[in-house]
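Asker: Using only what follows, build the 3D model:
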Amino acid sequence: MAENCEEKDILSYSICRYSSFSYNYVPENIYSDSPKDQSSRWSSDSNQPPQFLTLKLDRPAIVENITFGKYEKAHVCNLKKFKVLGGLNDEHMIELFEGGLKNDHIAESFTLKKEIHDNLFPCRYIKIVPLQAWGPSCFNFSIWYVKLRGESNWDVVQPCLQWLVTFREKEAIRLCLKHFRQRQFTEAYEALQKRTKVSLEHPILTELHSMLVKHGDFEKSEDLLWQAAEEGLFDQYICDQDYTPKWTPIEPLPNGDNPSTYQPGMRGGHQMCLDLQTESLYLFGGWDGNRDLSDFWVFSVPSKEWTCLSSDTHKEGGPNARSCHKMCLDYERKQIFILGRYLDASMRTAENLKSDFYMYDITSGRWTLITEDTHTMGGPRLIYDHQMVIDIQKQTLYLFGGRVLSSVGSDRSGEPSFSGLYAYHIPTNTWSCIMEDSPTLKSRIGHSMLFHSKRRLLYVFAGQRSKEYLNDFFTYNVDTGQIDIITDGTKKDSGVPSAGFTQRATIDPNKDEIHVLSGLNKEKEKRENVKNSFWVYSIKKNRWSCVYRNENTGQQYWTKMQNLEPVPRFAHQLVYDHIRKVHYLFGGNPGKESLPKIRLDDFWVLKLCRLSTEHLLRQCKYLLRKYKFQELAERDPHAAMLYLQNDLASIVDHKNIQERQEFESLASTLFRSPGDETEGTEETILADTSTHHMARTELFDQLVAFFPEHMSQPKGNLVDLIPLT
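Answerer: Okay, here's the model as predicted:
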């Protein structure tokens, strides 16, 4: 993520090493920022890896930012992909950043990794490794200018350096302790631990190792794992696992013979909002393929019943029929706000182009016209396909983007106009324009915008601007006005949702997660397509993960799956109950070219399921009992058979095909002849007198993986650090 780092120190450096250079394009050229001089650059003599530049700082520093200057024009040798590594010596470095440069003339800055285990660490060497140039594969790599920024104050750096030295020393000791314990060098293990006072792991894991590996007490090992689960020690592992989506159709309870009287009809471009306190879902308007709608419904989740609050809100003092509007709910004060709509060109008269703004009071069941035209109050013009969210704590609505509607022929430029970022303070009935459409805050339609009530941030993702499909992702701080770019959308990355619009997004402020259900996508140079995919973005980890994707487009397939998962669609609505962790999906446009007017009226609930603590405990018990059976089979086949039939069978997940097949094959170990032994590995060759020590150690390592990393023994092995040259 690029950021402004001007307040940090500029760090002086010299060229330490380089892979190659061609002609006069020597590495020292990167000291000078001369964008008009085509020769002022380092250029490799080859594009074959490894190509690199290693910079040596004048003294150790906390390197926080790297800036790459460029030539005044786009250039084929600019770095499309590169890595930055850093460390205290040039032989042992860790990765600080991986990314790429835009192929333009504008300098770019990137934030580098500067912490290990929440502690700042200093670097003396920075290594830049080009991976790909913008031109064809025959072009070499060029770097024009490099500037490093960070903290060089020795009063700050010295404690960090001391911490790093101590940390590395401690980790080296822990690797030795792990090696001694694995090899049963008990005296060496105890002597080193006594001398250094360094702990290998959390006491509960040391106790587990003693019970399992040393004493082979599988029952007490199970008890210890149960205790760990009770203390929440598996929670981090569970949170790191991907979700599995579970769709369930909602069949409303019938109330009469005519479905239109007890549930909303087919539509797209409608709006929904959810009252978290009463579990009531409100739906208004939309387009049924022929006309705009003005019906208003509420669905009670506990009773599974729809209630039509109004068949025509306009007759009751509310908004007229509309689609592509936006609706927000303040569940504390029981108020719903509605703004915006789409109009056909023939309907865009001066009177119709007013931006009316309504509020519905849930308690009294009455509509209020706040204003006939928000533009006259300093708010937006009439817009559609915008986004609107509410800050319930400060009673403020935020609107961003949307296409501004104008009368036919009024816009002589021919270019569409997009609305900027607005705020509406409810108690004072006051609008303010925070920022107009600009390169800093590029407006769009069909995007997603979410409000994180705890972080006080607006998250904006994707959308469309004229013929441009956007894939950027940024935040806006509603208190400070700061904009931070998470991704600028210029890099092709299969690890993020495809560029498109009308995707639906929700946020869980408690879990720090954003959920995105796909809509109409634009992939590469292909035409628009509608596909099902569901993505989760972890705010803490800054990482997208696709938890579900279905590429099927055939009618026969979706007819078979109609009660198992929703068909792909756009112009649908998705709302989220972040307290009960469930999504609700209704309606939309399936995008059938043969039936352009068809809309959907199906209603679904989505639960994102993860591995539970109970399931993980069962998995641990299965591993323990499987290993105990294998040991029993060697010395007492009869006891092993009874154990297999009773204790082990009771813990097997027979729905898991792989686990069931493994369980069925275990019985064959009872009839294995003495000569049926596997070829010796390094571990078995080095194993001491205890026959089962290495097998139990492997089991212990499997179980340790479920605990937080800071509690566990080091992942590496001492012998792997020994060079073979």
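Asker: In the stretch 101-250 of the chain, mark out all the helices, start to finish.
Answerer: With DSSP state H, counting those that start in this stretch as the criterion, the stretch 101-250 of the chain has helices at 154-182, 186-196, 203-209, 218-230, 235-239.
Asker: Could you say which one of those helices comes nearest to N542?
Answerer: Closest of the helices of the stretch 101-250 of the chain to N542 is helix 235-239, at 15.3 Å (criterion: Cβ to Cβ). For glycine as for every other residue, the C-beta is placed from the backbone atoms N, C-alpha and C.
Asker: Give me the nearest residue to the most centrally placed residue in the chain, chain neighbours excluded.
Answerer: The chain has Y537 as the residue nearest its centroid, 2.0 Å off, counting by Cα atoms, centre = their mean. What sits nearest to Y537 in space, not counting adjacent residues and going by Cβ to Cβ, 6 or more residues apart in numbering, is I514, at 4.1 Å.
Asker: just checking, what packs against the host helix or strand of the one you found?
Answerer: With secondary structure defined by DSSP states H and E, I514 is part of strand 513-517. Other elements packing on strand 513-517 under the criterion 3 or more Cβ pairs under 8 Å, 6 or more residues apart in numbering; DSSP states H and E are strand 457-465, strand 504-508, strand 532-538, strand 582-588.
Asker: Check which strands are paired with that strand and give the direction for each one.
Answerer: Strand 513-517 pairs in its sheet with strand 504-508 (antiparallel), strand 532-538 (antiparallel), by DSSP bridges.
Asker: and that strand, how far out from the chain's middle?
Answerer: What separates the centre of strand 513-517 from the centre of its chain is 8 Å, taken as Cα atoms, centre = their mean, to the nearest Å.
Asker: per-residue confidence averaged over it?
Answerer: Mean per-residue pLDDT for strand 513-517: 94.
Asker: same check, this time on stretch 223-238
Answerer: Rounded mean pLDDT across stretch 223-238 is 95.
Asker: Over to stretch 485-502?
Answerer: Stretch 485-502 comes out at a mean pLDDT of 72.
Asker: List the buried residues of the helix or strand encompassing P60.
Answerer: Using DSSP H and E, P60 sits within strand 53-69. Within strand 53-69, the residues scored as buried using 16 or more other Cβ atoms under 10 Å are 53-55, 57, 60-69.
Asker: That strand: what's the following helix or strand?
Answerer: strand 79-89.
Asker: got the angle between that next one and strand 53-69?
Answerer: Calculated by axes from the mean of the first three to the mean of the last three Cα atoms, to 10 degrees, strand 79-89 forms an angle of 130 degrees with strand 53-69.
Asker: quick one: strands adjacent to the very next helix or strand once past strand 79-89?
Answerer: Remark: after strand 79-89, the chain's next helix or strand is strand 92-99, criterion DSSP H and E. In the sheet, strand 92-99 lines up against strand 79-89 (antiparallel) (DSSP bridges).
Asker: now the partner strand against helix 154-182, angle please.
Answerer: Going by the same axes, to 10 degrees, strand 79-89 makes 80 degrees with helix 154-182.
Asker: and the closest residue to E95 other than its chain neighbours, how many neighbours?
Answerer: Counting by Cβ to Cβ, 6+ apart, L85 is the residue found nearest to E95 once chain neighbours are left out, at 5.5 Å. Residues near L85, counting by other Cβ atoms under 10 Å, number 22.
Asker: For L85, name its beta-bridge partners.
Answerer: Beta-bridge partners of L85, as defined by DSSP bridges: E95, K127.
Asker: Next, work out how far apart it and Q387 are.
Answerer: 40 Å (Cβ to Cβ, to the nearest Å).
Asker: Flag the shaky bits of the stretch 151-300 of the chain, pLDDT-wise.
Answerer: 255-260 (pLDDT under 70).
Asker: Test my guess that W544 contacts S533.
Answerer: No. In this structure, W544 is not within contact of S533 by Cβ atoms under 8 Å, at 11.1 Å.
Asker: got any residues that touch both of those two?
Answerer: Jointly contacting W544 and S533 under the rule Cβ atoms under 8 Å, 6 or more residues apart in numbering are P497.
Asker: where in the stretch 301-450 of the chain is pLDDT low?
Answerer: The model of the stretch 301-450 of the chain has pLDDT under 70 over residues 408-414.
Asker: For it, just list every one of the helices.
Answerer: So, for the stretch 301-450 of the chain - with DSSP H, counting those that start in this stretch - there are no helices.
Asker: quick one, phi/psi of D9?
Answerer: phi -70, psi 140 (degrees, to the nearest 10).
Asker: Quick check, it in contact with S152.
Answerer: Yes. With contacts defined as Cβ under 8 Å, D9 counts as touching S152 at a distance of 4.7 Å.
Asker: Settle it for me: which of the two has more neighbours?
Answerer: S152 (21 against 15).
Asker: which phi and psi does the closest residue to K170 other than its chain neighbours have?
Answerer: Spatial nearest neighbour of K170, excluding adjacent residues (Cβ to Cβ, 6+ apart): V198 at 5.7 Å. Dihedral pair for V198: phi -90, psi 130, per degrees, to the nearest 10.
Asker: could we number from 356 for the rest of this?
Answerer: Will do, 356 is the new start, and the previous item becomes V553.
Asker: Which residues are in contact with V553?
Answerer: V553 touches K525, I528, R529, L532, L547, counting by Cβ under 8 Å, 6+ apart.
Asker: My guess is the residue nearest to Y892 contacts N897. True?
Answerer: No. With contact defined as Cβ under 8 Å, I869 does not reach N897; the gap is 11.2 Å.
Asker: Those two: which has the busier surroundings?
Answerer: Neighbour totals were compared for I869 and N897, and I869 leads with 21 against 11 (other Cβ under 10 Å).
Asker: That one bridge partners, please.
Answerer: I862, Y892.
Asker: Please apply the same query to S787.
Answerer: Applying DSSP bridges, one finds that S787 bridges with A778.
Asker: so how many other residues sit close to it?
Answerer: By the measure other Cβ under 10 Å, the count of residues near S787 is 13.
Asker: circling back: any chance of the buried residues of strand 408-424 in a markdown table with pLDDT as columns?
Answerer: Shown next, in a markdown table, are these (pLDDT from 0 to 100):
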| residue | pLDDT |
| --- | --- |
| L408 | 97 |
| T409 | 97 |
| L410 | 97 |
| L412 | 97 |
| P415 | 96 |
| A416 | 96 |
| I417 | 96 |
| V418 | 97 |
| E419 | 95 |
| N420 | 95 |
| I421 | 96 |
| T422 | 96 |
| F423 | 97 |
| G424 | 96 |
